[in-house]
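[1] Pasted the sequence and its predicted model underneath.
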Amino acid sequence: MALTRKMLKAMGVEDEKIDQIIDAHTETVDGLKDKLKKAEEDAKGLEDVQKELDDLKAKSKDGDNYKSKYEQEKKAFEDYKKDIEGKEAAAAKEKAARAYFEKKGITGANLEIAIRGSKDEISVLELDGDKIKDTKALDELLTGTYKGLVGKVQTGGAGTNNPPGNGGGAKTKEEIMQIKDAGERQRAIAENHELFGF
């Protein structure tokens, strides 16, 4: 039922009040009409959005599935990251094992043999910074398989069968005269002139 002047008059409302009620009612109705118009315009925009969504769904069914592509890329990146971390860890373990073997006397070509032969032992090492936590597996190799690779340093005097030459010290007159190179012999004579009475 619509709100009309006739209806308000029949209810006994004064003329002045009727005008106020009708004006307020008109404002309310106009506001509602504006909201309805905006909602209708928004509904038209929603149709475009729905069409766009339907198109994307159709593309997804055709194999253009972005989520699966994202998951594949993410997995490839994670695998790459693990590979790099694994290589860095392996290099750090090998470096620590090299230092350990060198400290125990395995050097040069023997060190390369030891490193290549102990890949399994090195791969399971645990490091604390750049130091090996437990060297038991490497120690077993040193006392067993790699025993022959450990170098021994010997110190002692020169052999008497082949003594070293007099490396720049005082020479005898006979040694100086046996020098075949004339220039070197003259230099030795000048350095040891007292032997020749100069």
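    Received, thanks. Residues are numbered from 1 along each chain as shown.

[2] contacts and neighbour counts: CA atoms only from here.
    Fine.

[3] just the helices in the chain please.
    All helices of the chain, identified by DSSP state H, fall at 5-10, 15-61, 66-103, 108-117, 119-123, 136-143, 173-177, 182-191.

[4] What residue spans form the domains of the chain?
    5-50, 69-145, 172-198 (automatic domain parsing).

[5] Ends of the longest one, what's the gap?
    Using C-alpha to C-alpha, to the nearest Å, the end-to-end distance of domain 69-145 comes out at 51 Å.

[6] how far out from the middle of the chain is that domain?
    Chain-centre distance of domain 69-145: 17 Å, with C-alpha atoms, centre = their mean, to the nearest Å.

[7] what's the answer for the last one, then?
    Averaging C-alpha positions (C-alpha atoms, centre = their mean) puts domain 172-198 68 Å from its chain's average.

[8] before we move on, what about the first one?
    Centroid separation for domain 5-50 versus its chain: 68 Å, with C-alpha atoms, centre = their mean.

[9] so where is the chain shaky, pLDDT-wise?
    By pLDDT under 70, the low-scoring segments of the chain are 1, 60-65, 151-170, 198.

[10] most packed of the domains of the chain?
    Mean neighbour counts were taken over the domains of the chain using mean count of other C-alpha atoms under 10 Å, and the top value, a mean of 14, falls to domain 69-145.

[11] Which residues are in contact with Arg116?
    Not one residue lies near Arg116 by C-alpha atoms under 8 Å, 6 or more residues apart in numbering.

[12] Can you tell me how far it is from Ala97?
    Counting by C-alpha to C-alpha - Arg116 and Ala97 are separated by 11 Å.

[13] what do you get for Gly12?
    Taking C-alpha to C-alpha, one finds Gly12 at 107 Å from Ala97.

[14] Then Ser68?
    In terms of C-alpha to C-alpha, Ser68 sits 43 Å off from Ala97.

[15] repeat for Glu194
    For Glu194, the distance to Ala97 - C-alpha to C-alpha - is 60 Å.

[16] can you check Gly148 too?
    Distance from Gly148 to Ala97, by C-alpha to C-alpha: 18 Å.

[17] what do you get for Asp15?
    Asp15 is 106 Å from Ala97, by C-alpha to C-alpha.

[18] likewise Lys119?
    From Lys119 to Ala97 the distance is 10 Å (C-alpha to C-alpha).

[19] Repeat that for Thr145.
    With C-alpha to C-alpha as the criterion, Thr145 and Ala97 are 16 Å apart.

[20] now Asp30
    87 Å.

[21] isn't Ala96 right up against Ile132?
    Yes: the pair Ala96 / Ile132 is scored as a contact, 6.6 Å apart, by C-alpha atoms under 8 Å.

[22] residues touching Leu138, list them.
    Here Leu138 is in contact with Glu121 (C-alpha under 8 Å, 6+ apart).
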